[in-house]
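> Quick one, structure for this:
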Amino acid sequence: MAVTVDIKQLFEAGVHFGHKTSRWHPKMAPYIHSKRQDSHIINLEETVKALDVALPFLTKVAASKQVLFVGTKKQAKEIVKATAEDAGQPYVTERWIGGMLTNATTINQQIKKLKDLERRMASGDLEKRYNKLEVQRFQEEIDELNHKYGGIKNMNGRPGAIVVVDVVADDNAVKEARTLGIPVIGVVDTNADPASVEYAIPGNDDAIKSLEVLLGYFGAAVKAGAGAKQGEGA
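Prediction:
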């Protein structure tokens, strides 16, 4: 089922509030409605148009592949994690580690190590073989690996698309995706280059309410596709 975008909801969440005019990116000009005091106001009609293209694409991708959600800045972390988990998708909310996409061999080795330690810890194998202090150190290693890779430990190979909630803050994720030809759906505030991603969504990438609404749409679109895939497998 197609996800319908409500412009009033975008307005009420403050999706239209951009950055200070001194920080703007010239390529955002087509998406800017006006200036208010010393800040730019984003044209929400353009945001709706962009979402109306990006959301069906996300649904289509999620019907056959995973969608990776990325948001490492403080106010985005919990919302991104909750959205991804609700949709059953992988996510990165801590630091983007170089090579997460482009150096799959090394990353997969770390994830394999994590899963193996978790399995041995759960089965009691480590407890049988090692003393309490050593077991504690293994648990600390598990915790550290989960901190780095927990969100992607169930990612099956290369994702079909990536959702990035701040293309400036997470430009390394965007660059790796471009290197591999993975389409990026990115929230672009008035300080961002919309040409850096395939699907640029003009919007406020700082306010929690704005992020909640935009991620709500992305999550719903992905769930619609993933649900269709599960229906086919039933």
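> what about the helices in the protein?
Here the chain has its helices, by DSSP state H, at 7-12, 44-62, 74-87, 104-123, 125-129, 132-149, 171-180, 208-233.
> show me where pLDDT drops low in the chain?
Applying pLDDT under 70 to the chain picks out residues 1, 228-234.
> and the gap between the most centrally placed residue in the chain and Thr59?
The C-alpha lying nearest the average C-alpha coordinate of the chain belongs to Phe69 (Cα atoms, centre = their mean; 2.0 Å). Distance of Phe69 to Thr59, computed by Cβ to Cβ, to the nearest Å: 15 Å. Any C-beta I mention is one placed from the backbone N, CA and C, and that applies to glycine too.
> go on, Ala177?
Look at Ala177 and Thr59: by Cβ to Cβ, they are 19 Å apart.
> before we move on, what about Val174?
Remark: distance between Val174 and Thr59 (Cβ to Cβ) = 22 Å.
> Gly14: what's it in contact with?
The contact partners of Gly14, by Cβ atoms under 8 Å, 6 or more residues apart in numbering, come to Asn204, Ala207, Lys209, Ser210.
> now, among these, which is nearest to Ala195?
When the contacts of Gly14 are ranked by distance to Ala195 (Cβ to Cβ), Asn204 comes first, at 19.6 Å.
> Could you report the neighbour count for that closest one?
A count of neighbours around Asn204, defined by other Cβ atoms under 10 Å, yields 24.
> isn't it right up against His16?
Yes - counting by Cβ atoms under 8 Å, Asn204 touches His16, with 6.9 Å between them.
> okay, and the common contacts of the two?
Ile42.
> Mind listing what's buried along stretch 3-14?
Neighbour-count burial for stretch 3-14, counted by 16 or more other Cβ atoms under 10 Å, picks out Val3, Val5, Leu10, Ala13, Gly14.
> The residue nearest to the centre of the chain against Ala82, yeah?
No - assessed by Cβ under 8 Å, Phe69 is found out of contact with Ala82, at 9.9 Å.
> Tell me which of the helices of the chain sits nearest to Val163.
The minimum distance between Val163 and the helices of the chain falls on helix 208-233, with 5.1 Å, by Cβ to Cβ.
> just checking, what packs against the closest one?
Here helix 208-233 touches helix 44-62, strand 67-70, helix 74-87, strand 184-188, going by 3 or more Cβ pairs under 8 Å, 6 or more residues apart in numbering; DSSP states H and E.
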